[in-house]
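Chemist: With the input below, show me the fold.
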Amino acid sequence: MLRYLAKRLAYYLVLLVAAVFLAYALSSAALDPRAYFEEKHPRPSAASVDRQLTALGINDRTPVVVRFGHWAGGALHGDLGRTIHDTSVNADFGRRIWVSLRLLVVGSLLGMLLGVLAGAWSAVRQYRISDRALTIGSFVLLSTPVFLLALFLKNGAIAANQASGHQLINFTGYETPGLTGGIGAHLADWGVHLLLPTLSLALTGLATYSRYQRGTMLDVLGSDYLRTAEAKGLSRRRALLKHGLRTAVIPMSTLFAYNFLSIFTGAVFTETIFGWHGMGEWFINAIRESDTNSVVAVNLFTAVTVLASGFLADTLHAALDPRVRG
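Modeler: I've put the predicted structure just below:
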């Protein structure tokens with residue numbers, strides 16, 4: 001198993017380099033930091049703009065391969081460059097990454113767990129009222145964009161707060177500024193602020209995973225090995241949990257890994273709607289300002305998280321299916 005995982009890790013490292021280079025090349029081609037400086041008032045001279053762009057490492061008159069090599073050399077030493085405002089990209093990256101990871105990890109894991117359980121339960125109860133209700137609910141969620149779902153949740157929280165006359169649900173920001181108290185108070189505060197943005201991501205994940213899990217579970221229910229397990233004395237429930245669900249979950253591990261990118265895309269809107277100053281909000285602002293180094297830093301974060309999810313999926317796949325360990 002270790003040999004298999006080592007090969008997969010090497011493969012992902014190559015993919016990471018390729019993904020970051022493509023992100024850098026596309027960002028350099030699509031964004032125009034020169035125009036950002038030239039539109040300032042009073043308008044700086046062309047020589048001044050060139051000096052600023054060169055100092056930031058984003059001068060479009062320098063070949064993109066040379067620029068990427070300079071940026072990559074700094075990144076290998078932990079330096080992600082300077083923003084278009086001549087501040088450290090590392091400072092923004094370090095501040096925002098934990099905000100986004102808090103939301104992404106909780107939202108994706110909760111959506112996957114609930115989706116797998118709901119899909120398996122729906123398959124066992126095929127064509128019953130509960131199965132049909134879950135199917136309808138899943139398709140409604142799948143047809144609802146993440147930003148619209150987030151707005152529904154936010155407006156619902158506003159209505160609930162107004163009806164009660166109290167701040168029952170906090171939906172702005174990821175923590176209460178100036179909060180005092182111990183670690184318990186801060187954890188509770190984080191949990192309250194996580195509730196709505198996490199739900200906006202987890203509900204979409206639940207709908208997606210439940211549909212796939214229902215299909216894979218239905219394939220397993222009619223299998224010979226499941227009937228054999230029951231014939232040997234295992235109860236129906238025990239056979240489903242020990243043999244059926246384990247087999248049906250294998251395809252879901254791969255889906256989880258490569259669905260992480262769509263979760264991050266949804267988080268871009270979710271962070272903006274709920275006032276989370278994370279990677280999604282930073283990405284939108286960086287594009288608006290043609291801040292190439294910041295855009296590449298966000299793409300680096302996305303590539304690492306997606307590929308790390310892929311490696312986790314390979315690990316789970318190897319643990320669940322001994323045939324892939326050779």
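Chemist: pLDDT below threshold where in the stretch 101-250 of the chain?
Modeler: Scanning the stretch 101-250 of the chain with the threshold set as pLDDT under 70 gives 230, 236, 241-243.
Chemist: Next, please give the residue ranges for the helices of it.
Modeler: Secondary structure of the stretch 101-250 of the chain (DSSP state H, counting those that start in this stretch): helices located at 129-142, 146-164, 183-221, 224-231, 236-239, 245-274.
Chemist: What residues of stretch 123-136 count as buried?
Modeler: Of all the residues in stretch 123-136, those buried under the rule 16 or more other C-beta atoms under 10 Å are Ala123, Val124, Asp131, Leu134, Thr135. All C-beta spots, glycine's among them, are computed from the backbone N, C-alpha and C.
Chemist: oh sorry, the question was meant for stretch 48-61
Modeler: Val49, Asp50, Gln52, Leu53, Leu56, Gly57, Ile58, Asn59, Asp60.
Chemist: Most widely separated two among these?
Modeler: The most widely separated members of the buried residues of stretch 48-61, counting by C-beta to C-beta, are Val49 and Gly57 (14.3 Å).
Chemist: what about the host helix or strand of Thr315, distance to the chain center?
Modeler: Per DSSP states H and E, Thr315 falls inside helix 292-320. Relative to its chain's centre, helix 292-320 lies at 9 Å (C-alpha atoms, centre = their mean, to the nearest Å).
Chemist: which other helices and strands contact that helix?
Modeler: If contacts are counted by 3 or more C-beta pairs under 8 Å, 6 or more residues apart in numbering; DSSP states H and E, helix 292-320 sits against helix 2-30, helix 64-76, helix 89-124, helix 245-274, helix 279-288.
Chemist: Throw those into CSV and include distance to Leu201, thanks.
Modeler: Shown next, in CSV, are the helices and strands packed on helix 292-320 (distance: least, C-beta to C-beta, whole Å):
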stretch, distance to Leu201
helix 2-30, 23
helix 64-76, 29
helix 89-124, 3
helix 245-274, 6
helix 279-288, 11
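Chemist: weakest of the ones you listed by average pLDDT?
Modeler: Of all the helices and strands packed on helix 292-320, helix 245-274 carries the lowest average pLDDT, namely a mean of 75.
Chemist: Mind listing what's buried along that one?
Modeler: In helix 245-274, counting by 16+ other C-beta under 10 Å, buried: 245, 247-250, 252-253, 255-257, 259-260, 263-264, 266-274.
Chemist: got the phi/psi numbers for Asp32?
Modeler: phi -130, psi 80 (degrees, to the nearest 10).
Chemist: tell me, how many neighbours does it end up with?
Modeler: 13 (other C-beta atoms under 10 Å).
Chemist: got a list of what the closest residue to it other than its chain neighbours touches?
Modeler: Closest residue to Asp32 apart from its sequence neighbours, by C-beta to C-beta, 6 or more residues apart in numbering: Ser290 at 5.3 Å. Going by C-beta atoms under 8 Å, 6 or more residues apart in numbering, Ser290 touches Leu31, Asp32, Pro33, Ala35, Tyr36, Ile84.
Chemist: Next one, pLDDT for Ser290 please.
Modeler: The model's pLDDT for Ser290 equals 91.
Chemist: count of neighbours near Ala29?
Modeler: Per other C-beta under 10 Å, the neighbour tally for Ala29 reads 10.
Chemist: What distance do you get for it to Thr216?
Modeler: In this view, Ala29 and Thr216 are 41 Å apart by C-beta to C-beta, to the nearest Å.
Chemist: And Thr54, by the same measure?
Modeler: 54 Å.
Chemist: what are the C-alpha coordinates of stretch 130-150, in PDB please?
Modeler: Provided in PDB are the C-alpha atoms of stretch 130-150 (Å, rounded to 0.1, in the frame of the first residue of the first chain):
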ATOM      1  CA  SER A 130     -39.200   8.700   2.100                       C
ATOM      2  CA  ASP A 131     -37.200   7.700  -0.900                       C
ATOM      3  CA  ARG A 132     -39.300   9.800  -3.200                       C
ATOM      4  CA  ALA A 133     -39.300  12.800  -0.800                       C
ATOM      5  CA  LEU A 134     -35.500  12.600  -0.600                       C
ATOM      6  CA  THR A 135     -35.200  12.400  -4.400                       C
ATOM      7  CA  ILE A 136     -37.400  15.500  -4.900                       C
ATOM      8  CA  GLY A 137     -35.500  17.400  -2.200                       C
ATOM      9  CA  SER A 138     -32.200  16.500  -3.800                       C
ATOM     10  CA  PHE A 139     -33.200  17.600  -7.200                       C
ATOM     11  CA  VAL A 140     -34.500  20.900  -5.800                       C
ATOM     12  CA  LEU A 141     -31.200  21.500  -4.100                       C
ATOM     13  CA  LEU A 142     -29.200  20.500  -7.200                       C
ATOM     14  CA  SER A 143     -31.100  23.000  -9.300                       C
ATOM     15  CA  THR A 144     -30.600  25.800  -6.900                       C
ATOM     16  CA  PRO A 145     -27.300  27.800  -7.300                       C
ATOM     17  CA  VAL A 146     -25.100  28.000  -4.200                       C
ATOM     18  CA  PHE A 147     -25.300  31.800  -4.100                       C
ATOM     19  CA  LEU A 148     -29.100  31.600  -4.200                       C
ATOM     20  CA  LEU A 149     -29.300  29.000  -1.500                       C
ATOM     21  CA  ALA A 150     -26.900  31.200   0.600                       C
END
